[in-house]
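> just the structure for this:
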Amino acid sequence: MDIPIKMISRPVYIQQLKNFINKPQVKIITGIRRSGKSTVLNLLREELMNMGVKGKQVISINFESFAFSELSTARSLYKYVQKKIQQSQRYYLLLDEIQEVQGWEKAVNSFLVDFDVDIYLTGSNSHLLSSELATYLTGRYVEIPVFTISYREFLNFRQHYFPNEKMQGNPFVHYLRMGGFPVIHTVNYDEETAYKVVRDIYSSVILRDTVQRYKIRDVELLERVVKYAFDNIGNTFSGKNVADYFKNQQRKVDINTIYNYLHALEGAFILYRVPRYDIKGREVLKTQEKFYVSDISLVYATLGYRDRMISGILENIVFLELKRRGYQVYVGKFHTKEIDFIAEKQGEKIYIQVAYKLESQQTADREFFPLLNIDDQHPKYVVTMDDFWKDSIEGVKHLYISDFLMRETL
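All right, here's what the predicted structure looks like:
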């Protein structure tokens, strides 16, 4: 695996991996294609070298490279690694896009049984890395999700790749319009070119991680389901809503097909499903979830940029930030009101409302009122793009979205 000459660190993920170096669990780095998993693996290799691990002890394989195209089965992969391990010392296996190997779980299990190895995998399908792997490695693996770059990382990318170039206008608006795929921010793309790059990423994900992986026959219907989900970012809906929508277009679609397609899109990390949580009843509800996209640029690349979608897009950005920080995220229901996000982590809880702008008292009341009525001491935020009115009301903090994203702790 060649290490790029200019490689910017992603310390959040490297720190998570460092916590598990030389621990018995298999480390599985997951995320949508082109989110930076391979770079994280390269950065890990550098970290191992800095710790004194010799180059011969690190076996790196990128299964998307033609150089390793013959390692397409568990048996061929096992024989290749077996030949590389020639001494009685610890080896480190860095296996990139492991889902390209048929029956890879058997090989990984055999490595653990037969050799002294510390194993790191990347994969672009969440279902592959949960159900099938669990059969062989129950309790012996840890998943580390990698997301497209955050706003903070975007600023670091700008400083790293364009140190002498001052950005014109509001940096957050640039991030808002371009999204977070790392490749977009290594070159000065204009929007049209950037969206073409993202469309190519999207096409690859749809073809390889949904259509081929789940043997989907009706690709045109799959694309329509994607566009429905993208067009409803920030809105609650169910598979029945999607089926009814197609019915109104004089197209009969089986509701189970819709659910299967949504399941496949989740598996490929195109969509994230967020359940609703009844705050008063303290239970997770099984209907009317929300779906968010793994990167907002996917929406622009498929539907174009639409001003009417701004509130949902801002919600999506906040959702991804919460996931990057390790929160379990729910959509909140409090009596008849909706809380955009309830986020929980290690006993901590925060409540968040997201809006474009509080342009009237009525709008402000709508965003603040549900939070003011939650009677607990957990932090509560209203996050908007207002750049002037930043008052807090009875402990509910109002923050400009970039200030919220840049906070060290929430």
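
> only C-alpha atoms for contact and neighbour calcs from this point on.
Will do.

> where in this structure is pLDDT low?
1-6, 128-134, 389-390 (pLDDT under 70).

> which residues of it fall in strands?
Under the criterion DSSP state E, the chain contains strands at 26-30, 58-62, 91-96, 117-123, 141-145, 236-237, 271-278, 283-293, 328-334, 337-345, 348-354, 380-384, 396-400.

> for Lys196, which of those strands is the nearest?
Closest approach to Lys196 among those is made by strand 283-293 (17.6 Å; CA to CA).

> now mean neighbour count too, for the strands of the chain, in JSON lines please.
Below are these laid out as JSON lines (neighbours: other CA atoms under 10 Å):
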{"stretch": "strand 26-30", "mean neighbour count": "23"}
{"stretch": "strand 58-62", "mean neighbour count": "19"}
{"stretch": "strand 91-96", "mean neighbour count": "23"}
{"stretch": "strand 117-123", "mean neighbour count": "23"}
{"stretch": "strand 141-145", "mean neighbour count": "17"}
{"stretch": "strand 236-237", "mean neighbour count": "16"}
{"stretch": "strand 271-278", "mean neighbour count": "20"}
{"stretch": "strand 283-293", "mean neighbour count": "18"}
{"stretch": "strand 328-334", "mean neighbour count": "22"}
{"stretch": "strand 337-345", "mean neighbour count": "19"}
{"stretch": "strand 348-354", "mean neighbour count": "20"}
{"stretch": "strand 380-384", "mean neighbour count": "24"}
{"stretch": "strand 396-400", "mean neighbour count": "19"}
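
> dump these into CSV; add distance to Gln16 as well.
Below are the strands of the chain laid out as CSV (distance: least, CA to CA, whole Å):
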stretch, distance to Gln16
strand 26-30, 10
strand 58-62, 19
strand 91-96, 16
strand 117-123, 12
strand 141-145, 7
strand 236-237, 33
strand 271-278, 22
strand 283-293, 24
strand 328-334, 17
strand 337-345, 16
strand 348-354, 19
strand 380-384, 27
strand 396-400, 29
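
> look up how far Leu298 lies from Leu207.
For Leu207, the distance to Leu298 equals 15 Å [CA to CA, to the nearest Å].

> list the contacts of the residue lying closest to Thr302 once chain neighbours are set aside.
Leaving out its chain neighbours, the residue that sits closest to Thr302 by CA to CA, 6 or more residues apart in numbering is Arg199, at 7.0 Å. The neighbourhood of Arg199, defined by CA atoms under 8 Å, 6 or more residues apart in numbering, consists of Leu298, Ala301, Thr302.

> and the first one, what does it touch?
The contact partners of Leu298, by CA under 8 Å, 6+ apart, come to Tyr195, Val198, Arg199, Tyr202.
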